[in-house]
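Visitor: A structural model of the following input is requested.
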Amino acid sequence: MIVKIWELKDRQKLSLTDKISYAKHKIREFHTKLKGKVCVSFSGGKDSTVLLHLVRSIYPDIKAVFVNTGLEWPEIVQFVRETPNTDIIKPKQTFKEVLDNHGYPVTSKKIAKMLHTVHNPTPENINERTLYLTGIRGDGKKATGSWKIPNKWRFLIDAPFKISSECCNVMKKHPFKDYTEKTGLYPYVGTQASESRLREISYLQSGCNSFTGKIQSRPLSIWLEEDIWAYIKKYNLKYSTIYDKGQLRTGCMFCMFGTHLEKEPNKFQCMAKTHPTLWNYCINELGLGAVLDYIHVPYREIK
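Guide: A predicted model of the protein is given here:
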């Protein structure tokens, strides 16, 4: 199902009532097509909290699935444990093992992947390395799009630490994939097209429900962040208290993707105040402080 960009923009302008109706229609469609072999990917964050409430308003017995990476905020883990009918699964590696085996997640997934490839030359990836370093394809022609490591991040080519985008794959995607393959359940996911260019492109290519390739449903695709909070208020939903402690997003605590874009106090500066023990562990014992210093991102508490 191909969606035009103007269709997405028009749907994003719908009222909350219309977006709720649209989401419920997509939820029913996915459930019917897959004969009820579905679950909800539940992160404990505000988006998946709204998603779970929507799905269970139609199908009360749907199971929620939470991947406890060991990097979740304590408030998130507690909130998930208080949510009934939730399976909690874990990855096979710890975050420290991922850092040692692959590298640190810095800048963005795309840039980190480029840098990891450049740092690990093999005969098989020579064309990729050339592309990322010069923007020239294997056939000698200039690539269209942003395939060359941006000038602002080229200093990381000589970084004294490993860089990788594998963290999310190892810690979240692989254990969730193992779970779905074992159970035969396909997920509802609480992502929105407005969150990133990649998610917008994905929605334009397949709409809310994808039944080929990566089978999943994203009923909140046309929602905006203000819709999420409006829904929480409308139904007086309980949500994780981490949002009341200054954190705007509830992904992995120690992830450094996008921290260079955050306004101060950023996630690490907030963590230093609200979770000093965990802050000390990641900054000093895991070495994130040295990495953040290298990319010029502040992380100490603002007095």
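Visitor: for the rest of this, base every contact and every neighbour count on C-alpha atoms.
Guide: Will do.
Visitor: so which residues of the stretch 151-300 of the chain form helices?
Guide: According to DSSP state H, counting those that start in this stretch, the stretch 151-300 of the chain carries its helices in the segments 166-168, 174-183, 197-206, 225-234, 267-274, 276-280, 288-294.
Visitor: spatially central residue in this protein, please.
Guide: Nearest to the geometric centre of the chain sits Gly251, at 6.6 Å (CA atoms, centre = their mean).
Visitor: now that one: how far from Leu131?
Guide: From Gly251 across to Leu131, the span is 31 Å (CA to CA, to the nearest Å).
Visitor: related to what we said a few turns ago, would you mind putting the helices of the stretch 151-300 of the chain into TSV with distance to Ile242 alongside?
Guide: Formatted as TSV, the helices of the stretch 151-300 of the chain follow (distance: least, CA to CA, whole Å):
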stretch	distance to Ile242
helix 166-168	21
helix 174-183	24
helix 197-206	25
helix 225-234	14
helix 267-274	10
helix 276-280	14
helix 288-294	22
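Visitor: now the lowest-mean-pLDDT helix or strand in the chain: how far from the chain's centre is it?
Guide: Scoring the helices and strands of the chain by mean pLDDT, DSSP states H and E places helix 197-206 at the bottom, with a mean of 91. Computed by CA atoms, centre = their mean, to the nearest Å, the chain-centroid distance of helix 197-206 equals 15 Å.
Visitor: give me the contact list for stretch 84-92.
Guide: For stretch 84-92, contacts defined as CA atoms under 8 Å, 6 or more residues apart in numbering pick out 61-69, 80, 170-172, 174-176, 179.
Visitor: and if we set it to 7 Å?
Guide: Residues outside stretch 84-92 that contact it (CA atoms under 7 Å, 6 or more residues apart in numbering) are Lys63, Ala64, Val65, Phe66, Val67, Asn68, Thr69, Val170, Met171, Lys172, Pro175.
Visitor: circling back to that earlier point, any idea how far Trp6 is from the residue nearest to the centre of the chain?
Guide: Going from Gly251 to Trp6 by CA to CA gives 30 Å.
Visitor: please apply the same query to Met253.
Guide: Applying CA to CA, the value for Met253 to Trp6 is 36 Å.
Visitor: what does Cys252 give?
Guide: From Cys252 over to Trp6 the distance is 33 Å, taken as CA to CA.
Visitor: please name every helix or strand in contact with the helix or strand hosting His53.
Guide: Element membership for His53 (DSSP states H and E) is helix 46-58. Judged by 3 or more CA pairs under 7 Å, 6 or more residues apart in numbering; DSSP states H and E, helix 46-58 is in contact with helix 225-234.
Visitor: buried ones in the helix it packs on?
Guide: Using 16 or more other CA atoms under 10 Å as the test for burial, helix 225-234 gives Asp227, Ile228, Tyr231, Ile232.
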